[in-house]
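Chemist: Okay, predicted coordinates and the sequence, questions at the end:
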Amino acid sequence: MKIADLIPALAWLRGYNKGQFAQDATAAFIVTMLLIPQSLAYAMLAGVPPEVGLYASILPLVLYALFGTSTSLSVGPVAVASLMTATSLGAIAEQGSASYLTGAITLALLSGAILIAMGAMKLGMITQFLSHSVISGFISASGIIIALSQLKHVFGIQSEGDNLVTQLQTLFASLGEFNLPTLVVGISVVAFLLLARRYAKPVLMALGLSSNTAASLAKTAPILGVLLSLGVVFGYDLNAQGVAITGHIPAGLPSLGVNLPSLELIKSLALPALMISIIGYVESISVGKTLGAKRREKVKPNQELIALGAANLASGVSGGFPVTGGFSRSVVNFDAGAVTQLASIMTAIGIMIASLFLTPALYYLPKATLAATIIVAVITLVDVSILKKTWDFSRSDFYAVLATIVITLVLGVEVGVASGVILSIVLHLHHSSTPHVAEVGLIAGTEHFRNVKRFEVETLPRVLCLRPDESLFFANAAFLEDHIMAVLSERREVCHVIIQCSAVNDIDYSALEMLENLNAELDALGITLSLSEVKGPVMDHLTCSGFLQHLTGKVYLSQFQAFKDVAQMNP
C-alpha cells in the first residue's frame, strides 16, 4: 500500500493555497461555534463531565483529517453514539464515578480497535448487508428516546430509564415537581432554536448575506442560545431558584495516555463497542458519500474504517468517548465552504482555545439549554415517513422497520441496534434465498425473451424457459430446484427445461450440487436440461467440475438459439 493511500491528507496538502485556507478558516470558525454547545450537550447525554465532550472534539478531528477520504466530514460526539455510550455504561457503573469515565474511555478505545481491524480486513462493504430502512427505523426510535431523556432537564425533575416505557413512567411520576424557571428557560431555548432553524436564513439573506453563508450562520444558533440563556441565569441568579447549571468546567487540555482496562471491563464492553462501531460507521459513511457525491469525490469505505478507528483511538487516548461523523456539523462544514480537512484541524484548534480560556465563562450555563440543543438536534433523526414508504414499496421491509422501532422503544437501544443488525441480515438472506424466477417467452419478430406475465410472448407447451434473477448459492439453490419441480408437476407436457443464466453472476458448490441433482431428476422423468447465456466465471466452474459432461441438454450462447434448437427436437 502506498503511503498516499494510507494518509489521504498528503494529496490535498501538496496543492494547498491561500484561497483554500481562507475558505477552510471560515468554515472552521462556523463549525467551532456549532461544536462547542454540541460537545457539551452530547457529553451530558453520554453521562460524562462536560469537558470530556470538548476533549472528544479535538484530537479525533485531527486524526480523521489525516486518514479520512472525505473533505467535508466532521467527526466528534453525536447523539446516537452518545446515547449508546450512556446505555452501555449504565449497567456497569454509576454516572459521575471514575469507573464510569473509565468505561467511556474504554468504549472509545475498543471502538477504535474494532474499526481499524475491520478496515484492515477490508470490511467496508458491511453497509451493503445493513438495510438502510431498518437502520433508519433504529435511528428514529433512538431520536425519540434521546428527546424524552432530555425532558427531565427541561422540566428540572428526576427521571431515568433507557426505553420509552420506563422514561414515560418516571417522567409522569415526577412531573408535579417541575421547576418553573427551568421550564421557562428550556422551552424558550427550544422555541428560539426552532424559530432560528426556520427563519434565520431568510433574515440573514435579507441583510445581504449569500445563501450559503446565511445557511451556515443560521445553523450556529445554538451558540447564541447558550450565550442568551447563560446571561439570563447569571443576571437573574436563577441557579438560586433551582435552575441546574453545568457549574465548574476545568480549563485546560486533556492529558494524553492510556491506562489499560481490565479484562473483565473489556469483556463487558466488547459487544456494545462493536454495535457503536457499526452504527457510527453506517452514519458516517452515509454522510460522507452524500456530501462527496456533490463534489464528485470518492469516499473509500475501507479507508474510512481506518480513519474513524484512528479518531476513536485518539478520543480514548485524550480521555474522550466514542465519536463518529456527524450529519449536522458535516453539512455546516460543507455549506460554509470547507474544501479540505484542514478545516477540521482548525476547528480542533478552536475547541482547544475554548477548552483553555472559555470554560470558566460557562459556569452558569443551564443544563436545560444543553437539553434543548439536543432535543432540537435529534428531531431531524426521527423519520416517521419511512413507515409509509416501506409499506407502499415492500411489506417485508415495513415489518422489519416497525419491529426495529418497537423493539428499540420498548427494550432500549442495545437490544434495538442488535435487532436492527439481525433484521437487516435476515432481510438480505430472505431476498437472496427467495429470488425472483421468471418464466420467459420470445417476443414475436425479435430474439428477445421477456417475462410471460408482463409481455405478449411466444411459448411452447413442451418447453419451459426460466430465468433466475440472482446468483446461485447455498441459500437459494433449493428454492430454484423446488420451483422448477413444482412447475413441472402441474405441466406434464414439458420435456425440455432451459435455464437462462443471464442474471447468474456466480455459483457456489451447493448450487452446483443442486444442478447435478436437478439434471438427474429431470433425466429420470425424460426431460432434458439446457443452459443459456452462461457467464464466463460461471462457465469456468461448471467446466472444471465435470458437470457439463453429464448435462442431458446443451449450453447455448443465447436463449434464442436454445429455444429454436429444442423447438425443432422431437417430443
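Modeler: Yes, it's here. The shown structure was predicted, so the numbers you read here are calculated from the model rather than taken from an experiment. Numbering: from 1, shown residues only.
Chemist: For Gln500, give me phi and psi.
Modeler: phi -80, psi 120 (degrees, to the nearest 10).
Chemist: Strands of the stretch 401-550 of the chain, start to end?
Modeler: 437-442, 449-451, 463-468, 496-500, 528-532 (DSSP state E, counting those that start in this stretch).
Chemist: quick check: longest helix of this protein.
Modeler: helix 263-295 (DSSP state H).
Chemist: Does it pack against any helices or strands, and if so which?
Modeler: Packing contacts for helix 263-295, counted by 3 or more CB pairs under 8 Å, 6 or more residues apart in numbering; DSSP states H and E, involve helix 79-90, helix 98-120, helix 132-155, helix 301-317, strand 324-325, helix 327-335, helix 413-433. Bear in mind the C-beta positions are built from the backbone N, C-alpha and C, glycine included.
Chemist: From Leu123, how far off is the nearest residue to Ala418 once chain neighbours are set aside?
Modeler: Nearest residue to Ala418 in three dimensions, chain neighbours excluded: Met275, at 6.6 Å (CB to CB, 6 or more residues apart in numbering). Distance, Met275 to Leu123, using CB to CB, to the nearest Å: 15 Å.
Chemist: Compare those two (neighbour count), which wins?
Modeler: Met275 (22 against 16; other CB atoms under 10 Å).
Chemist: Let me see the contact set for that one.
Modeler: 84, 414, 417-418, 421 (CB atoms under 8 Å, 6 or more residues apart in numbering).
Chemist: go again using 7 Å as the cut-off
Modeler: 84, 414, 417-418 (CB atoms under 7 Å, 6 or more residues apart in numbering).
Chemist: just Trp12 next, same as before
Modeler: Thr340.
Chemist: Can you give me the buried ones in the helix or strand where it lies?
Modeler: If you go by DSSP states H and E, Trp12 is part of helix 9-14. Of all the residues in helix 9-14, those buried under the rule 16 or more other CB atoms under 10 Å are Ala9.
Chemist: so how far is stretch 474-490 from its chain's centroid?
Modeler: Here stretch 474-490 is found 36 Å from its chain centre; the criterion is CA atoms, centre = their mean, to the nearest Å.
Chemist: sorry, back to before: CA atoms only: put the helix holding Trp12 into CSV for me.
Modeler: The C-alpha atoms that make up helix 9-14 are tabulated as CSV, following Å, rounded to 0.1, in the frame of the first residue of the first chain:
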residue,chain,number,x,y,z
ALA,A,9,-4.2,14.2,3.6
LEU,A,10,-0.9,14.2,1.6
ALA,A,11,-2.9,14.5,-1.6
TRP,A,12,-4.6,17.8,-0.7
LEU,A,13,-1.6,19.2,1.2
ARG,A,14,0.5,19.2,-2.0
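Chemist: can you give me how far the helix or strand that comes right after it is from the chain middle?
Modeler: On the C-terminal side of helix 9-14, the closest following helix or strand by DSSP H and E is helix 18-46. How far helix 18-46 lies from its chain's middle: 22 Å, per CA atoms, centre = their mean.
Chemist: Which strands or helices does the helix or strand just after helix 18-46 pack on?
Modeler: Note on helix 18-46: by DSSP H and E, the next helix or strand toward the C-terminus is helix 50-55. Applying 3 or more CB pairs under 7 Å, 6 or more residues apart in numbering; DSSP states H and E, we find helix 50-55 packed against helix 18-46.
Chemist: Do me a favour and average the pLDDT over the helix it packs on.
Modeler: Across helix 18-46, the average pLDDT comes to 92.
Chemist: So which bits of that helix are buried?
Modeler: Those buried within helix 18-46 under the rule 16+ other CB under 10 Å are 20, 23-46.
Chemist: again, but for stretch 463-472
Modeler: Neighbour counts over stretch 463-472 (16+ other CB under 10 Å) mark 463-468, 470-472 as buried.
Chemist: what does stretch 141-152 give?
Modeler: 141-152.
Chemist: Which one of those is nearest to Ile405?
Modeler: Closest approach to Ile405 among these (CB to CB): Ala141, at 4.5 Å.
Chemist: what's near enough to touch the closest one?
Modeler: For Ala141, the contact set (CB under 7 Å, 6+ apart) comprises 405, 408-409, 416.
Chemist: Which one of the residues you listed is nearest to Arg454?
Modeler: Using CB to CB, these come closest to Arg454 at Ile405, 34.9 Å.
Chemist: and that closest one, how far is that from Val378?
Modeler: Going from Ile405 to Val378 by CB to CB gives 15 Å.
Chemist: Got the domain ranges for this structure?
Modeler: With domains defined by automatic domain parsing, the chain comprises 3-247+263-429, 437-567.
Chemist: distance of the closest residue to Ile7 other than its chain neighbours from Ile306?
Modeler: Spatial nearest neighbour of Ile7, excluding adjacent residues (CB to CB, 6+ apart): Leu66 at 5.7 Å. In this view, Leu66 and Ile306 are 10 Å apart by CB to CB.
Chemist: before we move on, what about Leu256?
Modeler: Remark: distance between Leu256 and Ile306 (CB to CB) = 20 Å.
Chemist: Of those two, which one has the most company?
Modeler: The neighbour comparison of Leu256 against Ile306 (other CB under 10 Å) goes to Ile306, with 22 against 10.
Chemist: That one touches Met118, doesn't it?
Modeler: No - look at Ile306 against Met118 with CB atoms under 7 Å: they stay out of range, at 8.7 Å.
Chemist: So what touches stretch 378-385?
Modeler: Applying CB under 7 Å, 6+ apart, the contact partners of stretch 378-385 are 79, 136, 139-140, 142-144, 146-147.
Chemist: now for the residues you listed, which pair is the farthest apart?
Modeler: Maximum pairwise distance among the contacts of stretch 378-385 (CB to CB): 16.6 Å, between Ser136 and Ala147.
Chemist: In contact with Gly445, which residues?
Modeler: For Gly445, the contact set (CB under 7 Å, 6+ apart) is empty.
Chemist: Nearest spatial neighbour of Thr123, chain-adjacent residues omitted?
Modeler: Residue 123: Leu, not Thr. Leu305 (6.9 Å).
Chemist: wait, what's in contact with that neighbour?
Modeler: With CB under 7 Å, 6+ apart, Leu305 has these contacts: 115, 118-119, 123-124, 281.
Chemist: which one of the helices and strands packed on helix 263-295 is the most hemmed in?
Modeler: strand 324-325 (a mean of 28; mean count of other CB atoms under 10 Å).
Chemist: helices or strands next to it in the packing?
Modeler: On a contact count with 3+ CB pairs under 7 Å, 6+ apart, strand 324-325 meets helix 263-295.
Chemist: Figure out how far the helix it packs on is from the centre of its chain.
Modeler: With CA atoms, centre = their mean, you get 7 Å for helix 263-295.
Chemist: what do you get for stretch 141-154?
Modeler: The answer for stretch 141-154 is 20 Å, by CA atoms, centre = their mean.
Chemist: what's the average pLDDT for that stretch?
Modeler: 93.
Chemist: next one: stretch 295-304
Modeler: Here the average pLDDT along stretch 295-304 is 90.
Chemist: how much space between the residue sitting nearest the centre point of the chain and Phe138?
Modeler: The centroid of the chain falls nearest to Val282 when counting by CA atoms, centre = their mean (2.6 Å). Val282 sits at a distance of 10 Å from Phe138 (criterion: CB to CB).
Chemist: ok, now Ser57?
Modeler: Applying CB to CB to Ser57 and Phe138 gives a distance of 25 Å.
Chemist: ok, now Ser530?
Modeler: 47 Å.
Chemist: picking up where we left off before, mind checking which of the strands of the stretch 401-550 of the chain is nearest Leu271?
Modeler: It's strand 463-468; of those, that one is closest to Leu271 (CB to CB) at 37.6 Å.
Chemist: Quick check: closest non-adjacent residue to Ile3.
Modeler: Closest to Ile3 by CB to CB, 6+ apart is Leu10, at 7.0 Å.
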